[in-house]
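Colleague: Got a predicted model here, sequence first, then my questions.
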Amino acid sequence: MNPHLTAPNVAPAHAWFKSSYSDAGQNCLEAAHLPPAIAIRDSKNPTGPALLLPPSAWAPFVAHVRQV
């Protein structure tokens with residue numbers, strides 16, 4: 001794993017947000033807008049890895065997650 005792609009190295013704690021559709025449990029993803037990318041992390045592991053997506057991949061990602 002690239003140590004530079006851990007969530008704390010990608011975005012400060014205040015930049016991360018959960019969807020208003022997230023359940024009250026811990027099965028959530030959090031995102032951070034970081035022009036020119038969008039970072040995604042597992043809310044259960046805020047110091048773990050972060051996935052970086054280009055803005056053009058955000059809508060297809062969200063559409064896929066909604067289908068699952």
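Modeller: Done, it's in. Computed from a prediction, not measured in an experiment: that's the story for all the values here.

Colleague: From now on I want contacts and neighbour counts done on CA atoms only, so please keep to that.
Modeller: Will do.

Colleague: can you pull out the strands in the chain?
Modeller: With DSSP state E as the criterion, the chain has strands at 17-18, 29-34, 37-42, 51-53.

Colleague: Give me the sheet partners of the shortest one and which way each runs.
Modeller: Strand 17-18 sits in its sheet next to strand 29-34 (antiparallel), going by DSSP bridges.

Colleague: chain center to the strand it pairs with, what's the gap?
Modeller: 4 Å (Cα atoms, centre = their mean, to the nearest Å).

Colleague: Please apply the same query to stretch 52-68.
Modeller: 11 Å.

Colleague: With stretch 13-29 instead?
Modeller: Using Cα atoms, centre = their mean, the offset of stretch 13-29 from its chain centre is 9 Å.

Colleague: pLDDT weak spots in the chain?
Modeller: 1-4, 23-26 (pLDDT under 70).

Colleague: run the last query once more with 50
Modeller: Counting by pLDDT under 50, the chain contains no low-confidence range.

Colleague: Centroid-nearest residue for it?
Modeller: A centroid search over the chain (Cα atoms, centre = their mean) returns residue 40, at 1.5 Å, as the residue closest to the centre.
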